[in-house]
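Participant: I would like the atomic coordinates for the input below:
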Amino acid sequence: MNAREIMNAVAGKTGDIGAAFYFTPETTGRGKEFDLGGFYFYFVGRGGVLGDVEPAVVHSAFGYFHPDMVAKMWTGALEKLAGHQMSARDAAREYIACAHAHGRAHLSGIDGLDAYAAAARKVIDAVDDSGLALFAGVKAEPVPGDAPAAALHEAMVLRELRGSVHLVAVAAAGLRSVTAHAIKRPNDVATFGWAEGSVPAPSAADIAARDRAEAMTNDILESAFAVLSAAEAEALVAGTDAMHTALYPGGR
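Facilitator: Now for the predicted structure:
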């Protein structure tokens with residue numbers, strides 16, 4: 001398999017795997033222990049690797065969401081964390097621990113996860129993280145030693161990698177991130193804080209720009225995936241497939 005074929009084989013499923021723990025009862029329950037109900041734990045859990053920054057910094061790393069929604073969730077989360085004497089980075093580590101727990105609960109017994117995690121880390125280490133703040137932040141977090149948790153962790157990092165690169169590509173294509181989001185998930189725009197009718201319907205030019213951004217995303221990532229040997233590529237694809245089946249047995 002060449003680098004493009006590897007990316008095509010794993011991109012969509014990696015996105016699903018890396019987000020599988022986001023809103024499970026276990027994760028939301030852990031957030032409520034710190035008064036972080038609803039979206040609060042999600043925002044500070046993902047964005048907390050950036051540190052105690054201004055909401056605009058989080059929006060720059062997330063994209064897609066309405067800035068006012070980011071500000072409300074981020075500021076509210078930090079206020080709640082102050083009552084527990086926790087920082088945003090502390091909350092991020094709690095959120096990532098939920099990812100590890102999800103991996104242990106659902107991926108134990110799958111063969112090949114060590115090889116998957118090693119291949120994923122080889123890709124991650126091959127990336128120039130310039131301009132990829134959210135990816136760089138989560139990449140810096142320690143990888144657990146057990147295979148099920150490590151595999152989910154690395155899938156989460158790969159998810160943030162592609163997401164961070166894609167935001168750069170969307171900007172390079174001259175497209176607003178909310179427009180790119182409306183093209184990909186037109187029914188989710190309101191969930192991301194945009195009022196009905198506030199986002200114009202994407203034009204043909206917008207769709208063409210989004211296609212350019214997708215192509216640029218693959219262009220940027222190609223060299224990182226090209227470092228894999230044939231055996232490592234096989235381990236990455238096989239591990240991705242096995243984890244996706246275990247996490248989404250009914251398909252997705």
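
Participant: longest single helix anywhere in the chain?
Facilitator: When the chain is scanned for its longest helix (criterion: DSSP state H), the result is helix 147-172.

Participant: so where is the stretch 1-150 of the chain shaky, pLDDT-wise?
Facilitator: Filtered on pLDDT under 70, the stretch 1-150 of the chain yields no residues whatsoever.

Participant: shouldn't Gly137 be in contact with Arg46?
Facilitator: No. In terms of CB atoms under 8 Å, Gly137 does not count as a neighbour of Arg46; the distance is 9.2 Å. (Each C-beta comes from the backbone N, C-alpha and C, glycine too.)

Participant: and these two? which has more neighbours close in?
Facilitator: Relative neighbour count places Arg46 above the other of Gly137 and Arg46, with 24 against 21, counting by other CB atoms under 10 Å.

Participant: The host helix or strand of that one - contacts with which helices or strands?
Facilitator: Assigned by DSSP states H and E, Arg46 belongs to helix 40-47. Applying 3 or more CB pairs under 8 Å, 6 or more residues apart in numbering; DSSP states H and E, one finds that helix 40-47 contacts helix 25-32, helix 55-62, helix 67-82, helix 88-107, helix 133-139.

Participant: want to throw those helices into CSV with distance to Val178?
Facilitator: Formatted as CSV, those follow (distance: least, CB to CB, whole Å):
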stretch, distance to Val178
helix 25-32, 26
helix 55-62, 11
helix 67-82, 10
helix 88-107, 24
helix 133-139, 17
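
Participant: Quick one: closest of the ones you listed to Ala190.
Facilitator: Nearest to Ala190 among these is helix 67-82; the distance by CB to CB comes to 10.5 Å.

Participant: Identify the residues contacting the closest one?
Facilitator: Defining contact as CB atoms under 8 Å, 6 or more residues apart in numbering, one finds that helix 67-82 is touched by 34-36, 39-44, 47, 52, 55-56, 58-59, 62, 87-88, 90-91, 192-193.

Participant: can you tell me how far Ile183 sits from Gly193?
Facilitator: Applying CB to CB, to the nearest Å, one obtains 17 Å for the distance of Ile183 from Gly193.

Participant: Done for today, thanks.
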